[in-house]
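In: Provide a 3D model corresponding to the input given below.
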Amino acid sequence: YNEYKSYLSQEMGKLKMEEAKSPQHPLYDPPPKSRVQQWFLCILAVCHLSAFASLYVQWPGLYGPTGIMPAHQANPRGFSLQDISQAMGVPLAQTADAVCIVGMVVSSLLVAFPVARVSVAYVSLGVLYFSLYQVGRTFLWFQWDILLLEATFLSVLVAPLLPTGGVCCHGDIAMWLVRWLAFRLMFASGVVKLTSGCPTWWGLTALNWHYESQCIPTPLAWFAHQLPDFLQRLSVVFTFIIEILYPFLFFAPVAAVRAVGVYAQIFLMVMIMMTGNYNFFNLLTCGLVISSLDDGYLPSAATFLSLLSPTAVASGGFSAFTTLLLFPFRALLSLLTFPYDVVRGKTESRLSSLSVAVVLCGTVACLRILFEVDLLNMTTRVTFGKSEFYWFLQHAVPLSVIMGTVSLLITVARSFLGVVSSRDASRGRKAAEVIQMGVVTLLAGSLFAMSLVNLTELDQETQNKLPLSVQELYHKYRPYHVTNSYGLFRSMTGVGGRPELVIEGSHNADSGWIEYDFKYKPGKLGARPPVVIPHQPRLDWQMWFAALGSYNYNPWIINLAYQLLQNNTEVISLLHHNPFPEKPPKFIRATKYRYHYTSIKDAGTHWWARDSAEEYFPPLALYQPTLKEFLSYHGYTVPLKESFEVTRLTSFLKLIRTLVDMVDPVAFIWTILIISFLPHFKALRFRVSLFGI
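Out: Sure thing, here's the model as predicted:
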């Protein structure tokens, strides 16, 4: 064993020396650009890959000709998937398949090869996803969908025009826009929790209900729900501090202070990701907030490669097998302690050390002033009222506008000075870069001005002071989602138990009702909550929203029942299984329950308990005229009028669809993600060197 350990160490040492001497690979070695920009562009590509793949596996059941909300029944304003279908001469369903496949291929290439991350590639991703969004309607009306569109628009400015473009002269200005988007997202998400007037947020009891009432919880959410009330309240306190106060650190002049604000947001996103299935949202948010970091505050490739070092596996004290089992935990701890190690190394100067100390002291002061934390009695409460909070907004929102304006001007001035004072560039190149910088600056100023309309929605008095021309410009480009309003978890739902819909079918209206089991949302009491990140099962999500209201405000659920009455295979593919495989049911009904997590004492084999059953919609049958009248009124009976010939392209797309439908959706998404990252696994060279394969 010792000889084997020594041999592994020697081989890894040789490999590191070879990699240090070897030139950059033209495909998967990043060109000399900012690592922060590369991280942002890569993370955005991963989010697009997840989004396109997730939509692809669900499209027939959601938007197919006989889906829950057929795409041909949409009436979009402006460019959409329907225009692409007409231009290609391909049926709408196959056009959607082609758009998703092209989006997956482009995203995968951007993840795999940094040299491919150019502006035109991100333009294509934005156009393709926007075309799907235009016909998506209810199932695509989520804040992360418009956040992805806005971030993609900014990525067009961040990415270079050419693969060999190197560092863009306007890169700092473009990344500043990303930083401003991260600020608006987090600050607004924190503020709306209190402006909504939700008593659970004001009473610091929101997390007492959040873990069981969120759309699709993870298994860890059950355990988080069992935490003591004091820890739940304290978690809400730190959520307010991280979301409302810490975003201002993004614009601090000291890099170490910005790192504190960034890693606080990342910590919050990781906690949300561990307890809830929020598709690509948490990763996208992390990609946005790292725009405030300097390159030195990001983990290098060596940090990740060290986790795969054979000396770590063969180190003394543990067997290789035990060490392998503990590897995920060691990797997690290494990544979590990285910000501390970096900050410790970067705060040697007095200014940085003093700045970080001021931030920490300010955090403690805010805790003592804004919240009363009684450790002796294990209680926590808010010490300010609504009037004081609105006073804060009246000053904080204008301050953020001034802060953003000054920061943008400083960034622009610094970028122009960097171009003008460059000694390596010729006069002609300097002139071209100055013109390019002028165009980007004008665009950045326009985007910043339009975003003020969204930001000042938090304070109406400040919004009324905005020039009329700015508001007109915003409303003109609003349909393209180049800037949007955000505010996540505005109010806590499910207080007293999460409302959950159970759909049942039967051959007899009076008896024999059998439940339809969904893939991911809570249903069976003994079913373990799933982990489906980065997939977003959009039907399961909308079932959660439908339970908050009535079917009159969610007419799509009646069309879902109509398709189940016909055993529509594409719609049933969105469910876990079909309880009526041979003959469709004659009746479909929906019942609303209140679901609760079981406690530690009475958990047993069940994760859930339910009570308070009430009718959501009565038994429906195909022959009922009122059913067809309801669907006709809401536009679900519009016939599909297409006359396209069968081509090799459509046949090829149908073949791919048949093959993908055989694979589990989550497994499919993770498979293409792993394949996309394969070129980055330089540690595979060690395997080639060691084993000769």
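In: contacting residues around the lengthiest strand in the chain?
Out: When the chain is parsed with DSSP state E, its longest strand is strand 608-620. By Cβ atoms under 8 Å, 6 or more residues apart in numbering, the residues outside strand 608-620 that reach it are 497, 500-501, 506, 509, 522, 525-527, 547, 550-551, 557-558, 561-562, 565, 587-598, 627. Quick note: C-beta positions are derived from backbone N, CA and C, even for glycine.
In: pull out the buried members of these.
Out: 497, 500-501, 506, 522, 527, 547, 551, 557-558, 561-562, 565, 587-598, 627 (16 or more other Cβ atoms under 10 Å).
In: among those residues, which are in helices?
Out: Among the buried ones among the contacts of strand 608-620, the ones falling in helices (DSSP state H) are 547, 557-558, 561-562, 627.
In: which one of those sits closest to W513?
Out: A561 (13.4 Å; Cβ to Cβ).
In: hmm, I503 and the closest one touching each other?
Out: Yes: if you go by Cβ atoms under 8 Å, A561 and I503 touch, sitting 7.1 Å apart.
In: who touches both of these two?
Out: 588, 590.
In: so how far is stretch 590-597 off the chain centroid?
Out: Centroid separation for stretch 590-597 versus its chain: 27 Å, with Cα atoms, centre = their mean, to the nearest Å.
In: oh sorry, the question was meant for stretch 481-492
Out: 13 Å.
In: do stretch 123-139 as well
Out: Stretch 123-139 sits 16 Å away from the centroid of its parent chain (Cα atoms, centre = their mean).
In: give the buried residues for that stretch.
Out: Under 16+ other Cβ under 10 Å, the buried positions of stretch 123-139 are 125-126, 128-139.
In: who does the longest strand of the chain pair up with?
Out: strand 587-597 (antiparallel) (DSSP bridges).
In: top helix in the protein by residue count?
Out: helix 386-420.
In: can you list the weak-confidence ranges in the stretch 251-400 of the chain?
Out: 299-356, 376-377 (pLDDT under 70).
In: which residues in the chain form strands?
Out: 371-374, 379-382, 498-506, 514-515, 587-597, 608-620.
In: looking at those, which is closest to V192?
Out: strand 379-382 (16.1 Å).
In: how far away from the center of its chain is that closest one?
Out: Distance, centroid of strand 379-382 to centroid of chain: 31 Å (Cα atoms, centre = their mean).
In: partner strands of it, parallel or antiparallel?
Out: Short version: by DSSP bridges, strand 379-382 pairs with strand 371-374 (antiparallel).
In: residues near L62, how many?
Out: Counted with other Cβ atoms under 10 Å, residues neighbouring L62 total 25.
In: what does D172 give?
Out: By other Cβ under 10 Å, the burial measure for D172, its neighbour count, is 16.
In: all further residue positions should be reported with the first residue as 481.
Out: Renumbered: residue one is now 481, and that last one reads D652.
In: and stretch 708-725, average pLDDT?
Out: In this model, stretch 708-725 has a mean pLDDT of 92.
In: render the CA-only coordinates of it in CSV, please.
Out: The C-alpha coordinates for stretch 708-725 follow below in CSV (Å, rounded to 0.1, in the frame of the first residue of the first chain):
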residue,chain,number,x,y,z
PRO,A,708,-36.4,24.9,17.2
ASP,A,709,-38.5,28.1,16.8
PHE,A,710,-35.6,30.3,18.0
LEU,A,711,-33.3,29.1,15.1
GLN,A,712,-36.1,29.6,12.6
ARG,A,713,-36.6,33.2,13.8
LEU,A,714,-32.9,33.8,13.8
SER,A,715,-32.6,32.5,10.2
VAL,A,716,-35.3,35.1,9.2
VAL,A,717,-33.3,37.8,10.8
PHE,A,718,-30.1,36.9,8.9
THR,A,719,-32.1,36.6,5.7
PHE,A,720,-33.2,40.2,6.1
ILE,A,721,-29.7,41.4,6.7
ILE,A,722,-28.2,39.5,3.8
GLU,A,723,-30.9,40.5,1.3
ILE,A,724,-31.6,44.1,2.3
LEU,A,725,-28.3,45.5,3.8
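In: gap between the two ends of stretch 752-764?
Out: Across stretch 752-764, the terminal residues are separated by 13 Å (Cα to Cα, to the nearest Å).
In: chain neighbours aside, what residue packs nearest to the residue nearest the centre of the chain?
Out: In the chain, the centroid-proximal residue (Cα atoms, centre = their mean) is F761; its distance is 1.1 Å. Spatially, and ignoring its direct neighbours in sequence, F761 is nearest to W624 (4.1 Å; Cβ to Cβ, 6 or more residues apart in numbering).
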